Every structure is written in C-alpha cells, then in structure tokens.
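Asker: have a look; sequence and predicted model below, questions after that.
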Amino acid sequence: MKLVLAIVSNDDSGTVSRALTKEGFAVTKLATTGGFLMAGNTTLLIGVDDVKVQQVMDIVSAHSKKRTQIMPSNASYGVGMYSSFPVEVTVGGATVFVLDVERFEKV
Ligand code: 2BA
C-alpha cells in the first residue's frame, strides 16, 4: 500500500477530491500553507493499493491547473535604500509525494 500526498491549489482541491471520491478513493483534506508564498494550499492524503497509484496520479494531474501568483519582493540598493516590486511565481499543477505504508489498520 502507498500513501499519496498531493499538494494542490485551494481552487483545485474541491474538483480533485470530488473526482477521486467519485472513482472510489478515500481522501483526507488538510488545510496547509506553502513555505515560500505563505499562502494557503490544500494537502490531500490518499491511501491506495500500489496498483492504483497511477490512476490517482492521473486524476490529480487532470484537475490541477498551473497558475501564476504575484508576490512582493524587496531589492536593496545600499545606504538604507530599497524598493519593493512584484514578482510573478508559477505554482502547480500539483506537488505529489508517494510514500510506502508500513501498516494500515482501522481499529
Ligand atoms: P510554496 O512553498 O508557497 O511555493 C509556491 C511556488 O513558489 C512553488 O510552486 C515554486 O514555483 C515557487 N518556489 C517555492 N520555493 C521557492 C524557492 N525557494 N525559490 C524560488 N521559488 C520557489 P510549486 O513548486 O508548484 O509548489 C507549490 C506548493 O507545493 C509549495 O508552496 C509548497 O507548499 C509545496 N511544495 C512544493 N515542493 C515541495 C517540497 N519539495 N516539499 C514540500 N512541499 C513542497
């Protein structure tokens, strides 16, 4: 068994989890925050048999869009002068980790 850990945009999380549950996968949604943008995103936990990992990856990938976000950035010009300007960052589609599950029980 594997644990698929998929970090997706908040905007895509509903579509991705609905598509997964429609295909019979169990999904847990966690509200998370990206360390770089410090913006909210969603981490989905999906426990699956090894043979179904690719199907999960395909569903996540099909419903996760690439998008750009603007974040402020500072440049220093010395002697106490600096300016702030916006920088465009590309985020997503999804960042996916697949972990081995040592034991799975519902007790
Ligand atoms: P954030 O950490 O907020 O990163 C948002 C986007 O900013 C990233 O998109 C990437 O394009 C850029 N970025 C991240 N760190 C950067 C850095 N040190 N320098 C320059 N640009 C940087 P994605 O790669 O699509 O990542 C989306 C979210 O997935 C991340 O949000 C983070 O929450 C998670 N993530 C991505 N890679 C990860 C990893 N190796 N480990 C844990 N979480 C990860």
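Answerer: Okay, I see it.

Asker: for Thr43, grab the count of nearby residues.
Answerer: 17 (other CB atoms under 10 Å). From N, CA and C alone the C-beta is placed, and that goes for glycine too.

Asker: so is the helix or strand hosting it next to the ligand?
Answerer: Using DSSP states H and E, Thr43 sits within strand 40-48. Yes - interface with the ligand: strand 40-48 contributes Asn41 (CB under 6 Å from any ligand atom).

Asker: quick one: that strand to chain centroid distance?
Answerer: 7 Å (CA atoms, centre = their mean, to the nearest Å).

Asker: enumerate the residues of the chain near the ligand.
Answerer: With CB under 6 Å from any ligand atom as the criterion, the chain meets the ligand at residues Ile7, Gly34, Gly35, Phe36, Leu37, Ala39, Asn41, Val89, Thr90, Val91, Gly92, Thr95.

Asker: where's the dip in pLDDT among these?
Answerer: Lowest pLDDT within the residues of the chain next to the ligand is found at Gly92 (84).

Asker: isn't it right next to Ser64, touching?
Answerer: Yes - in this structure, Gly92 is within contact of Ser64 by CB atoms under 8 Å, at 5.7 Å.

Asker: who's more crowded, those two?
Answerer: Ser64 (22 against 17).

Asker: in space, what's closest to that one - neighbours in sequence excluded?
Answerer: Using CB to CB, 6 or more residues apart in numbering and skipping residues adjacent in sequence, the residue nearest Ser64 is Gly93, 3.5 Å away.
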